[in-house]
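Asks: Whatever this is, show me its structure:
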Amino acid sequence: MLNYPNLAKAIVKKQQTPVAILTLTRDVLRVVQAPALTSRVCRDPNDDAVLACAKAANADLIISGDRDLLVLQAFEGIQNVTADQALERLRA
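Replies: Here you go, the predicted structure:
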């Protein structure tokens with residue numbers, strides 16, 4: 001997902017590379033095999049893969065700027081928040 005256009009632009013803007021981002025975050029990352037959802041949830045069907053991964057990982061949050069995910073607000077108890085909202089939670 002680091003090659004998504006908006007994320008790729010943000011990585012370049014921060015003068016980073018996907019490898020550098022993965023290196024910085026490897027201690028908090030967990031790779032999961034996510035089975036596909038049994039029914040469509042998101043208005044953009046491609047975003048259902050994000051929801052499936054979050055569910056498989058027992059995630060606490062989905063952090064995204066994607067309106068199709070954010071409009072859901074939550075999925076199976078997993079909150080969908082912006083990066084700013086996630087940072088606010090960390091500061092609290």
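Asks: Give me the distance between the nearest residue to Phe75 once chain neighbours are set aside and Arg40.
Replies: Excluding the flanking residues, the one nearest Phe75 by CB to CB, 6 or more residues apart in numbering is Leu51, at 5.0 Å. C-betas here are computed from N, CA, C, even on glycine. Separation of Leu51 from Arg40 (CB to CB, to the nearest Å): 10 Å.
Asks: go on, Val32?
Replies: Going from Val32 to Arg40 by CB to CB gives 20 Å.
Asks: that older thread, pick out whichever of Leu51 and Arg40 has more residues nearby.
Replies: Leu51 (21 against 10; other CB atoms under 10 Å).
Asks: hang on, that one is in a helix, isn't it?
Replies: Yes. Secondary structure assignment places Leu51 in a helix (DSSP: H, G, I helix; E, B strand; the rest coil).
Asks: which residues does it contact?
Replies: Shown in contact with Leu51 (CB atoms under 8 Å, 6 or more residues apart in numbering): 37, 41-42, 62, 69, 75-76, 78.
Asks: same check, this time on Ala36
Replies: 48-49, 52.
Asks: Distance check, it against Ala20.
Replies: From Ala36 across to Ala20, the span is 31 Å (CB to CB).
Asks: Leu69 too?
Replies: Applying CB to CB to Leu69 and Ala20 gives a distance of 25 Å.
Asks: In terms of packing, which of those two has more residues around it?
Replies: Shown here are Leu69 and Ala20; by other CB under 10 Å, Leu69 has more neighbours (24 against 12).
Asks: Let me know the helix or strand that the more buried one is in.
Replies: For Leu69, the element it lies in under DSSP states H and E is helix 67-70.
Asks: Contacts made by that helix with the rest, please.
Replies: With CB under 8 Å, 6+ apart, helix 67-70 has contacts from 42-44, 47, 50-51, 62, 64, 80-82.
Asks: Give me the subset of those that lies in helices.
Replies: Counted as lying in helices by DSSP state H, out of the contacts of helix 67-70, are 50-51.
Asks: residues of stretch 17-32 that come out buried?
Replies: Buried residues in stretch 17-32, counted by 16 or more other CB atoms under 10 Å: Ile21.
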